[in-house]
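Undergrad: got a sequence here, can you build the structure:
(one chain, ligands or ions: 2)
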Amino acid sequence: MRILRKAGDVPKRSLWQRIKDVALTDVGVLARGGVSAGSLEELERLLLEADFGVPVTLRLVAEVERLAARGSVKTQEQFHEALARGIEASLRGGNSDPALRTANAPPLIVLIVGVNGAGKTTFIGKLSSRFIAQGKRVMVAAGDTFRAGAIDQLRVWAERTGAEFVGAAAGADPASVAFDAIDRAVARGADVLIVDTAGRLHTSEGLMIELEKVARVIAKRLPGAPHETLLVLDGTIGQNAVQQAKTFAAAVPVTGLVVTKLDGTARGGVVVAVHEAIDVPVKFLGVGESAADLVTFDAAAFARELLGE
Ligand SMILES: Nc1nc2c(ncn2[C@@H]2O[C@H](COP(=O)(O)OP(=O)(O)OP(=O)(O)O)[C@@H](O)[C@H]2O)c(=O)[nH]1
Ligand SMILES: [Mg+2]
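TA: Residues are numbered from 1 along each chain as shown. Ligands and ions are numbered 1, 2, ... in the order given. Got it, this is the predicted structure:
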């Protein structure tokens, strides 16, 4: 599946094409078993531009330099492979299993968190649709009682996908909504309960404390829950996503990352940067606005997609 593309599907030059153009002008140097200092600097600049962030970029460049010094990078193909492997290794480092966790007994409780507009509610629609296609009984709870229209937005997704909807009164306490939804999910024999939350800026301390409370109340109602706390990040915001991820992970035990809107950017390096920054697996990528636009994360495929041909 093609993941990264610019809005409007305008053909773009891949990262690899740009690297080839500016960082690999001197193939003669490569053939002699080296990469020029100028090429390495250009490579560094292009990786930073693609949102890999400083730590990942420096490591990738150092790795290419090391391989070149050893004589393992003499052709453009070897250069491409060295980079692709380096990116893949980053994505496979630490906690990197994309599979969703399971509950000892149903219901599986999935809590969805993130800043405003990141794509949380849309992701809930997509994930419900996946589970339902697997024959699971899915319930979604309107834990965003803050934004006008949020409850209805989730209801529409529930109707569209066939999930059961647990509503709430506008302004209700999101922790009680989650608590009651678990009661309902248990009583109705749901396999999965997905809890939406209001978008909140990671810099807003009060709202982060509220989120901690939601997670705590869920854990109290059902020990071991939430089994997954998925942080949804907008893939088009660049390095800001790294700070968001760190703050959310400090407030609640984030178990997986969902990076959305990758259909709207050619700079997906932030996926690698965020994974490394908080050592949490990337589980899904969002690549559009409809229920089917969800990709289960695959490190090898994504590394090659990021680099391109
Ligand atoms: N292109 C694209 N758009 C997306 C994707 N995911 C979500 N969107 C759009 O992004 C906008 C915000 O999505 P929501 O799901 O409402 O985001 P949210 O995080 O629930 O927002 P709040 O509830 O306000 O915090 C909507 O217009 C979605 O259609 C994606 O993967 N690709
Ligand atoms: Mg929402």
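
Undergrad: how far away from the center of its chain is stretch 47-61?
TA: Put simply, stretch 47-61 sits 18 Å off its chain's centre (C-alpha atoms, centre = their mean, to the nearest Å).

Undergrad: who touches that stretch?
TA: Residues from elsewhere that reach stretch 47-61, judged by C-beta atoms under 8 Å, 6 or more residues apart in numbering: 15, 40, 43-44, 83, 86-87, 90, 238-239, 242, 266-270, 272-273, 276-277, 306. C-betas here are computed from N, CA, C, even on glycine.

Undergrad: before we move on, what about stretch 81-91?
TA: Counting by C-beta under 8 Å, 6+ apart, residues outside stretch 81-91 touching it are 16, 19, 56, 59-60, 63-64, 67, 72-73, 271-272, 275-276, 282, 299-300, 302-304, 306-307.

Undergrad: these in helices, which ones?
TA: Using DSSP state H, the subset of those located in helices is 16, 19, 56, 59-60, 63-64, 67, 271-272, 275-276, 299-300, 302-304, 306-307.

Undergrad: mind giving me the PyMOL select for those residues, buried ones only?
TA: Buried residues among the ones in helices among the contacts of stretch 81-91 (16 or more other C-beta atoms under 10 Å), as a PyMOL selection:
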select buried, resi 16+19+56+59+60+63+64+67+271+272+275+276+299+302+303+304+306+307
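
Undergrad: count the neighbours of the residue in the stretch 51-200 of the chain positioned nearest to ligand 1 for me.
TA: The shortest separation between the stretch 51-200 of the chain and ligand 1 is 2.1 Å, found at residue 199 (distances taken as C-beta to the nearest ligand atom). Taking other C-beta atoms under 10 Å as the criterion, the count of residues near residue 199 is 20.

Undergrad: leaving out chain neighbours, which residue sits closest to it?
TA: Once its chain neighbours are removed from consideration, residue 199 has its nearest residue in residue 116; the separation is 3.1 Å (C-beta to C-beta, 6 or more residues apart in numbering).

Undergrad: tell me, how many residues neighbour the one you found?
TA: The burial metric for residue 116, expressed as a neighbour count using other C-beta under 10 Å, is 12.

Undergrad: just to be sure, it is in a helix?
TA: No - counting by DSSP: H, G, I helix; E, B strand; the rest coil, residue 116 is located in no helix; its state is coil.

Undergrad: what residue spans form the domains of this structure?
TA: Segmentation of the chain into domains, based on automatic domain parsing, reads 7-92, 108-298.

Undergrad: ok now the longest one, how far from the chain's centre?
TA: Right, domain 108-298. Distance of domain 108-298 from the chain centroid (C-alpha atoms, centre = their mean) equals 11 Å.

Undergrad: sorry, back to before: of the contacts of stretch 47-61, list those near ligand 2.
TA: Checked against ligand 2 using C-beta under 5 Å from the ion, those give no members in range.

Undergrad: ends of stretch 183-194, how far apart?
TA: Distance between the two ends of stretch 183-194: 13 Å, counting by C-alpha to C-alpha, to the nearest Å.
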